[in-house]
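Colleague: Quick check, what structure comes out for this input:
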Amino acid sequence: MEGNGRQEGIGEGTGKAEEASFLTEEQRDVLRNALRNKPSEGAAHGSQLLLRLQSKALRGDGTAGGGSRKSSARRTPLGVERKPRGASGKSTRAKKGGAGGKGTWGTMMDETMAVPDALDRNDPNYESEFSAEEGMQKEWDEESLLAEQAHALESYKQKIVDALHEYFAHCNVQEFAEAVQKLGRPEFAHQVVKKAVLIAMDHKPKEHEMASKLLSGIYPDTISKGQMCKGFEALIESIDDICLDTPDAVHQIATFMTRAVYDDVLPPNFVERSVVAFPEGSKAVEVAQKFHELLNDPHHGEKLERCWIANSGQTVEEVKDIIQRMVREYEDSKDIKEVRRCILDIGMPFFHHELVKQVLVAAMEAKKEPIREQLVALLAALSKSGEISQRQMSAGFDRILQRLEDYAIDIPEAVPVMKNIRIQALGEGWLVEGTHKPSEGAMGHLSNFKAKCENLLKEYSSSGEVGDVRDALSRLKCPDYHMHFVKKAISMALDWNDHERELISVLLAKLYPELLTRKDIGEGFSLILSSVEDLVLDVPDAPHLVSLFLGRAIVDDCLPPAYLAAVLDEIDNTLGIEVVWATGRLLNTRHAAERLLRCWGAGASVDIAEIKESMHTLIAEYTTCEDMKEASTCLHDLSVPFFHHEFVKKALVYAVEHEQSMAKIMKLLRQMNQSGEISDTQLLMGFQRVDTILDDLSLDNPQASKTLAACRSAALEEGWYPVSA
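Modeller: Presented below is the predicted three-dimensional model:
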């Protein structure tokens, strides 16, 4: 399971970073647990497109892989790391033959088995016979140890190769990590790195991406920093031999190392230390030069996220053509084994809905009933064998049903044929109704709604008038379809520039909660996350962009942070899960709210000091006039929902400093929270921030602790204090 890799960076790091994180500690724990428990179904195709955002949380070195390599460590000819017996590098043999020190009895055999103290050949007490026997015994012991180590290493290598072949077949990081841990021998863990890269280099770019993902997923819990570095050092040392079998090995290994640095698996200065002993002009130095070239590229972040994907196959149109030819050939040959082989060669299970669609179109066009039955039997066989998932099967059927009227223009029998196929598929159990599939009578209505939304959003991208969109969407009177409006807005924005993406983020924030509910926005993002593997075909950067849209929606308070953990139950594709994981990491970085507010570069420039001053003035004026509506309007107009915790903090501090206004302040916060203006998350963060400055407040207000406790108790009694958010 990929939970190991995903959990890193969520809830881990310095205490300072956690204090500044947008997510509370409890929210981090909930998301981390949800990711840990998420099954890895569909991981094989999701591994092709891993999301690695530009800000990686620092990871500490683990101990499971044998700890970091010390400079005093020595290697045997077999590559086994041997360390000094003591921390100082000196011998740790105890005095008196190891039989104790001062105040002990020594050994019972002291007189008969004492080790001679004089080992100098010039010493009259030197005993050459004993010294020779000891030397022979020592040499024999070392040879036996080396032979035992060599046998253990070879056995370990073979088991790792078997585990890697299993991983490349099923892409289950958790199973592989467990297999490595069962083997023990953490001192050999560097072989995992070396073998993973070498095996991947013998395969396609898809396996390259899987190998990079594996190294990130098992570090540092299974493989330590020292063993990770040692594995890449072994690759550099063997580069001349590797180049004999793989001519572009220099470029590939340099790319693997650069990706590892980007994934925070290797330190950036690793290469300088590793190639210092190699002469100029050697292959190892070429690796270092290529490494620096890749790492110093101005856009290295975006390129490294897709370093293997960029060369991994055909365009969407080419894949469609391949599928179409495959279906036509099947009509003639009836060879289902060839179809299965072609499916594996294409290697795009997230695009299987296109295969379903092509087969259904061929079935509708078929002139003879036996050919139609043969095509339907193909879908049934691929579904029952699991080669086409239920989601992909349903998606393929839905694509046909949504355009059935168009198909009927060219294929008169399209409607009755599809009706019969669908009834048969449902009856035999290899087709399941989609959760969001509209009724046949509503298909035209939904299609019409989407078309109007598309025109509406195009106009908005030019004008930026939120009011026009609000009015037009209200006139459509289709609240049940608002989730499709959200999906359409985000999916269209993926093809636009950053300025237009900013407009869409602002639009969602402005339409909530008057027109769009949290349920609408949440279900819209759920649809996007479920289809992100399709979106990436047209927009390679879609996972990164969707994570920014999702993080921005949470910062804008359109969605609660708890949505990240909840939505995992609705996603069954690995890339969608990776987007959720990446969003969690974004929100867990320092100053996440401010960064996401400017994630599109064209966001409004917020003067935090001015905002704070406005909040203080608002609170002071409210305690004078008690105009709740005016206070709510002013806070809303500040347009900083991610910063409402500051408003809560200032309100509570005001209550501490002006005890006579405490009742008014509590009424203000209660009303703001119950109306949805201040979310539970922001309210809880505000209370927690006051807890952190309570000692300073008490210097000028000795009753500060009692006042804050009274505020919290009152909120709890009235039922609006968020126990968790």
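
Colleague: quick one: the residue lying closest to Val173 once chain neighbours are set aside from Val546, how far?
Modeller: Spatial nearest neighbour of Val173, chain neighbours left out: Gly217 (3.9 Å); criterion: Cβ to Cβ, 6 or more residues apart in numbering. Just so you know, the C-beta spots here come from the backbone N, C-alpha and C atoms, and that holds for glycine as well. Note on Gly217: its distance to Val546, by Cβ to Cβ, to the nearest Å, is 21 Å.

Colleague: more neighbours, those two?
Modeller: Neighbour count, other Cβ atoms under 10 Å: between Gly217 and Val546, Val546 has more, with 29 against 26.

Colleague: Which neighbouring elements make contact with the strand or helix carrying that one?
Modeller: For Val546, the host element (DSSP states H and E) is helix 542-555. Counting contacts by 3 or more Cβ pairs under 8 Å, 6 or more residues apart in numbering; DSSP states H and E, helix 542-555 is packed against helix 482-493, helix 498-511, helix 518-530, helix 532-538, helix 563-567, helix 574-587, helix 592-597.

Colleague: As a markdown table, those helices with mean neighbour count and mean pLDDT would be great.
Modeller: Shown next, in a markdown table, are the helices and strands packed on helix 542-555 (neighbours: other Cβ atoms under 10 Å; pLDDT from 0 to 100):
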| stretch | mean neighbour count | mean pLDDT |
| --- | --- | --- |
| helix 482-493 | 23 | 93 |
| helix 498-511 | 20 | 89 |
| helix 518-530 | 21 | 90 |
| helix 532-538 | 20 | 82 |
| helix 563-567 | 21 | 88 |
| helix 574-587 | 27 | 87 |
| helix 592-597 | 21 | 82 |
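
Colleague: Using JSON lines, lay out these together with distance to Pro416.
Modeller: Output for the helices and strands packed on helix 542-555, formatted as JSON lines (distance: least, Cβ to Cβ, whole Å):
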{"stretch": "helix 482-493", "distance to Pro416": "28"}
{"stretch": "helix 498-511", "distance to Pro416": "42"}
{"stretch": "helix 518-530", "distance to Pro416": "30"}
{"stretch": "helix 532-538", "distance to Pro416": "29"}
{"stretch": "helix 563-567", "distance to Pro416": "39"}
{"stretch": "helix 574-587", "distance to Pro416": "36"}
{"stretch": "helix 592-597", "distance to Pro416": "51"}
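
Colleague: Asp240: what's its closest spatial neighbour, skipping adjacent residues?
Modeller: In this structure, Asp240 finds its nearest non-sequential neighbour in Lys283, 5.4 Å apart by Cβ to Cβ, 6+ apart.

Colleague: from memory Leu684 sits against Pro722, does it?
Modeller: Yes. With contact defined as Cβ atoms under 8 Å, Leu684 counts as touching Pro722 (4.7 Å).

Colleague: The two: which is more packed in?
Modeller: Applying other Cβ under 10 Å to Leu684 and Pro722 shows that Leu684 carries more neighbours, namely 20 against 17.

Colleague: Give me the contact list for the helix or strand hosting the more buried one.
Modeller: Per DSSP H and E, Leu684 falls inside helix 680-692. Helix 680-692 is contacted from outside by 19, 24, 27, 557, 560-561, 641-642, 644-649, 651-653, 656, 669, 673, 697, 708, 712, 721-722, 724-725, using Cβ atoms under 8 Å, 6 or more residues apart in numbering.

Colleague: residues touching the closest residue to Asp520 other than its chain neighbours, list them.
Modeller: Nearest in space to Asp520, with sequence neighbours left out and distances taken as Cβ to Cβ, 6+ apart, is His482 at 4.0 Å. Counting by Cβ under 8 Å, 6+ apart, His482 makes contact with 473, 515-517, 520, 524.

Colleague: Pull the number of nearby residues for Ile323.
Modeller: Around Ile323 there are 22 residues (other Cβ under 10 Å).

Colleague: Please, which helix or strand holds the residue nearest to Val173?
Modeller: Taking DSSP H and E as the criterion, Gly217 maps to helix 205-218.
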